[in-house]
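**Student:** here is a sequence with its predicted model. Questions after.
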Amino acid sequence: MEMTGAQVLVRSLLQMGVDTVFGYPGGAIMPVYDALFNEDGLRHILVRHEQGAAIAAEGYAKALNKVGVCIATSGPGATNLVTGIADAMLDSIPIVCITGQVNSFLIGTDAFQEADIIGMTLPITKWNYQISKATEIQYIISKAFHIAISGRPGPVLIDITKDAQQELLQFDLSQINVFDYSPDLIDEKFYFKAAQLINQAQRPFILAGHGITIAEAEAELEGFINLTGIPVACTLLGLSAVNPEHHLYVGMLGMHGNYAPNILTNEADLIIAVGMRFDDRVTGSLKSYAVNAKVIHIDIDRAELNKNVKADVPICGDAKVVLNQLKQHVIPRNHDSWVKRFKELYQIEHEVVISNETQKKDIGLIKMAEVINLLSKKTDGNAIIVSDVGQNQMTVARYYDFKNPRSHITSGGLGTMGYALPAGIGAKVAKPNTEVIVVCGDGGIQMNIQELAVIAQENLNLKIIILNNEYLGMVRQWQELFFDKRYSFTELLNPNFQKIAEAYSIPSLRVDDHSLLSQGIDQLLQAKTSFLLEVMVEKQGKVFPMVEAGSGVGDVRLQ
Amino acid sequence: MNMYVMMLITQNTLCMLQKVAGVYSRYRINIEHLNASRHSESLSYWNVVVNTSDEKMELLINQLKKIVGLVEVKVIDKMPLSETVKSVINDKF
Ligand SMILES: Cc1ncc(C[n+]2csc(CCOP(=O)(O)OP(=O)(O)O)c2C)c(N)n1
Ligand SMILES: [Mg+2]
C-alpha cells in the first residue's frame, strides 16, 4: 500500500498500541496533523502550550504505566517540550515525543523554525533520533517505544523532517518489529548474601521507591514485609506503593517526610532500598546518613548502585523479580520492638505537628493540611491526586492516605511548577472513571493556567483545588527560616481565580472560612462536571518536619 | 588521581561523539586524548585517555553504558598520575 511518511507514522503509533496523543500543530509537523485528521483510532488532545503536551503525556503514562505520546512542531514547539522531557528523565517516566523538523535539505541553514532539538535534548532523553527518510519511520518508532518503557523507563524524542513526512513509500501493514528485552540474570549469590543480612538484622528498614510502582511490585513488597516483619517507608514517588493502613508502613522519607523514618534511618542496622536512588532530598548529608547500617540496594539501573550510597549488596534487577526471589531465601520474623520505636516517634510528631496542622479550628485561617486531611477522609484515599510543587505538594504527600497504586502523581526529581494541571489532564484522560483531583499552589497554577481550556474542549470532569496562600509559599518558608525573613519577591498579587474559571466555563467556589471548608469539598466531589475550588489558606504556614538542606536525617526538625 | 586508558566500541552513527562527550563533561572529566576510528561497517573503535579517580571512573562507566548504541566500554590501562606522565601526555598529544 502506498502511503506518506506521515501516514506510516500514524500507523506505527497505532501498532504500538497508542490510542491517545497530546499535541500542538505547526508548519513542520503539518503532514502528520493531516494524517491525524479523521483518524478514528487515535484521540488527539489539543493542549495550549507544548509544555502542557509533554507533561500531560507524563500524567497519562504514570496513571496507566504505559508510554505517553506528545507531538509538537519544530523550533519553538520542540523547545517548549524541553521542561517536560527533563522532568520525565529525572522521574523515569516513559514518554515518546515526536517533533517536526524542517526539510532535510534545509537543516543547518538557519531555516525558519529550525532548532537543533536533537543536540538540545541529548542530556535529557534516554534516546533521541532524527528521521530523514520515510523508510526508517516504522522501525524507529518501535525502537523508541521499546527504549522508553524497558528497563528504567524514560523519555525518547523522535525528530522527523518534513520531507520524510511527505515522502511516499510502500508500506507493509503486517510488518511489525519486535524488540526483546531481558534484564541481566542475577547471580544467586547476591540473594544468599542479602538473605543472610536480612535474617540476621536486628533493626532492618525497607525504603520503597518509584521502582516498586514501575515494576508493579506492590503485592510482592507487601508479601515480603508480611513475611519478614520489616517496617517500610516510602520516598515521595514511592507513595501509594504501600497501603498506609498497613501496620508496617511507617511513613514518608526525606526533607519533609515523617519524623520516625528520618531519625531511625540512623538507628537501623540494615537498609533495604528497593527501586529508589538515594536522592539528596531523601538522604540529606551523606556523611551522616545510615551511619549504623549495612545496605542492600535493589535497582534496575546499574548506574544507581553505589552512586550516592555504597551498597554492601548491590542487586541490579527488576523489583518484582528480585523481591519474589529474595522471599524464597528469608525466614519469617517479627521486629515488634523495633516497629514500636517508629510508632512512638510518630506519636511525638503527631502531638507537635500533625494534630496542630490538621485539626479544624474556629478561628484563624485554614491550614493546607486541614484541607488535604479532609479531602483524604472524604475520598477515602481512593482518588488520584496530582500535586504541583511547593508546600501544596509536600502537604499532599504528608496528609493524603493513598490507598491505590499509582494514585499519587507529582513532579519529584525536577520539581516542575506548573506540572499539576497538565499532568492531571493526562491522568484524567487515562482514567476517565476515576476521581482525579489536581492540587496546586496559587503560584504553580499560573504557570500552565492556559491548559484550563483543554478541560472545556475535551469535556473532562477534572477537579482542581487551589491552595491559595498568596505567596510562593515554599520559597517564603525558606526565606523565613534561612534568609532572615527577607521576603524577596515571593508575595503574589493574584488574579481572581473564580473569574478565570468562569471564563473557561468551569464552575468554581472560593472558601476562606473553616466553617465552609467541608461543604466546599463536598461540592467539588459531587460536581458532575469539572470544578475549581479555591481555598484561602494561612500565609505564614510552614511544612514541618524538615531536614534542612545540608544537615543529616538525624537532625530532622519538628518545628 | 590516576591516568586511565579507556576503550569504547560504539555504533558508527550521527551524534555518537556528542553523546559520549556529554557524559564526560557532566562528570567534569577532561578528555586528555581521544581517538575514534571506523572499526567495521557499522562500529567505531575509540581510545580515550582521562585523569580521574576510581570512584568517578565507576560512575562514568556506568553512565556511558546507558548510551543507546554503546556496545562496549572498558578501562584497558590505569597508572598513578605523576608529573612526568602528565608532561608526557601533554607532549605526545
Ligand atoms: C518552574 C519552577 N520555577 C521555580 C521553582 C522554585 N519554587 C519551588 S516551590 C516554589 C513556590 C511555589 O509557590 P506556590 O505554587 O504558590 O505553592 P506553595 O508553596 O505556596 O504551596 C518555587 C518558586 C520551581 N520549583 N519550578
Ligand atoms: Mg502559594
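**Tutor:** That came in fine, so what should we check first? Ligands and ions are numbered 1, 2, ... in the order given.
**Student:** who's the one residue in the stretch 101-250 of chain A that gets nearest to chain B bridged to?
**Tutor:** Nearest residue of the stretch 101-250 of chain A to chain B: residue A:127, at 4.3 Å (CB to the nearest CB). Heads up, the C-betas are built off the backbone N, CA and C, glycines and all. Beta-bridge pairing for residue A:127 (DSSP bridges): residue A:156.
**Student:** now do the same contact list for it.
**Tutor:** If you count contacts by CB atoms under 8 Å, 6 or more residues apart in numbering or on different chains, residue A:127 has them with A:143-144, A:147, A:156, B:68.
**Student:** next, count neighbours for residue 36.
**Tutor:** Defaulting to chain A. 21 (other CB atoms under 10 Å in any protein chain shown).
**Student:** please refer instead to chain B.
**Tutor:** Residue B:36, neighbours per other CB under 10 Å, totals 16.
**Student:** and the nearest residue to it once chain neighbours are set aside, what element?
**Tutor:** The shortest distance from residue B:36 to any non-neighbouring residue, by CB to CB, 6 or more residues apart in numbering or on different chains, is to residue B:46 (4.6 Å). Applying DSSP states H and E as the criterion places residue B:46 in strand B:43-52.
**Student:** residue A:439 now?
**Tutor:** Per DSSP H and E: strand A:436-441 holds residue A:439.
**Student:** just checking, what packs against that strand?
**Tutor:** Judged by 3 or more CB pairs under 8 Å, 6 or more residues apart in numbering or on different chains; DSSP states H and E, the packing partners of strand A:436-441 are helix A:368-379, strand A:384-387, helix A:391-399, helix A:420-430, strand A:463-468.
**Student:** average pLDDT for that strand?
**Tutor:** Throughout strand A:436-441, pLDDT has a mean value of 98.
**Student:** quick one: residues contacting the spatially most central residue of chain A.
**Tutor:** Centroid-nearest residue in chain A: residue A:410, 3.9 Å away (criterion: CA atoms, centre = their mean). Taking CB under 8 Å, 6+ apart, we find residue A:410 in contact with A:236-237, A:386-389, A:393, A:396-397, A:419-420, A:423.
**Student:** now the helices and strands packed on strand A:436-441 as a markdown table including mean pLDDT and mean neighbour count?
**Tutor:** As requested, these are exported to a markdown table (pLDDT from 0 to 100; neighbours: other CB atoms under 10 Å in any protein chain shown):
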| stretch | mean pLDDT | mean neighbour count |
| --- | --- | --- |
| helix A:368-379 | 98 | 21 |
| strand A:384-387 | 98 | 29 |
| helix A:391-399 | 98 | 26 |
| helix A:420-430 | 98 | 30 |
| strand A:463-468 | 98 | 27 |
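**Student:** among these, which comes closest to residue B:33?
**Tutor:** Of all the helices and strands packed on strand A:436-441, helix A:420-430 sits nearest to residue B:33, with 45.6 Å by CB to CB.
**Student:** how far out from the middle of the chain is the closest one?
**Tutor:** The chain centre lies 11 Å from the centre of helix A:420-430; the measure is CA atoms, centre = their mean, to the nearest Å.
**Student:** quick check, the residue in chain B closest to chain A?
**Tutor:** residue B:62 (3.6 Å).
**Student:** which helix or strand contains that residue?
**Tutor:** helix B:54-64.
**Student:** buried residues, that helix. List them.
**Tutor:** B:57, B:59-64 (16 or more other CB atoms under 10 Å in any protein chain shown).
**Student:** what does stretch A:491-508 give?
**Tutor:** A:492, A:497-498, A:500-501, A:504, A:506, A:508.
**Student:** so which of those residues are in helices?
**Tutor:** A:497-498, A:500-501 (DSSP state H).
**Student:** which one among those residues gets closest to residue A:29?
**Tutor:** Distances from residue A:29 to those, taken by CB to CB, are shortest for residue A:500, at 29.8 Å.
**Student:** I figured that closest one hits residue A:452, correct?
**Tutor:** Yes: the criterion here is CB atoms under 8 Å, and residue A:500 meets it with residue A:452 at 7.2 Å.
**Student:** quick one, phi psi at the residue nearest to the centre of chain A?
**Tutor:** phi -160, psi 160 (degrees, to the nearest 10).
**Student:** on that earlier part again, what's the pLDDT at the residue nearest to residue B:36?
**Tutor:** Reported pLDDT for residue B:46: 97.
**Student:** now residue A:552
**Tutor:** 96.
**Student:** tell me who's in contact with the residue lying closest to it once chain neighbours are set aside.
**Tutor:** Excluding its sequence neighbours, the residue lying closest to residue A:552 (CB to CB, 6+ apart) is residue A:288, at 3.1 Å. Each residue near residue A:288 by CB under 8 Å, 6+ apart is listed here: A:266, A:551-555.
**Student:** now the buried members of those residues.
**Tutor:** Buried among the contacts of residue A:288 (16+ other CB under 10 Å): A:266, A:552-555.
**Student:** from memory residue A:84 sits against residue A:60, does it?
**Tutor:** No: contact criterion CB under 8 Å: residue A:84 and residue A:60 do not qualify, at 11.8 Å.
**Student:** between these two, which is the more surrounded one?
**Tutor:** Remark: of residue A:84 and residue A:60, residue A:84 carries more neighbours, 33 against 30, as counted by other CB under 10 Å.
**Student:** if I look at the more buried one, how far off is chain B?
**Tutor:** For residue A:84, the distance to chain B equals 20 Å [CB to the nearest CB, to the nearest Å].
**Student:** quick check, that residue in a helix?
**Tutor:** Yes: according to DSSP: H, G, I helix; E, B strand; the rest coil, the state of residue A:84 is that of a helix.
**Student:** what pLDDT does it get?
**Tutor:** 98.
**Student:** list the buried residues for the helix or strand where residue A:61 lies?
**Tutor:** If you go by DSSP H and E, residue A:61 is part of helix A:50-64. Residues of helix A:50-64 classed as buried: A:50-64 (neighbour count, 16+ other CB under 10 Å).
**Student:** check stretch A:223-231 too.
**Tutor:** A:224-225, A:228-231.
**Student:** export it as CSV, just CAs?
**Tutor:** Coordinates of each C-alpha in stretch A:223-231 appear next as CSV, following Å, rounded to 0.1, in the frame of the first residue of the first chain:
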residue,chain,number,x,y,z
GLY,A,223,4.2,-10.2,50.8
PHE,A,224,7.8,-9.6,51.6
ILE,A,225,7.2,-7.3,54.6
ASN,A,226,4.4,-9.6,55.9
LEU,A,227,6.9,-12.4,55.9
THR,A,228,9.9,-10.6,57.3
GLY,A,229,8.1,-8.2,59.6
ILE,A,230,10.3,-5.3,58.4
PRO,A,231,9.0,-1.7,58.6
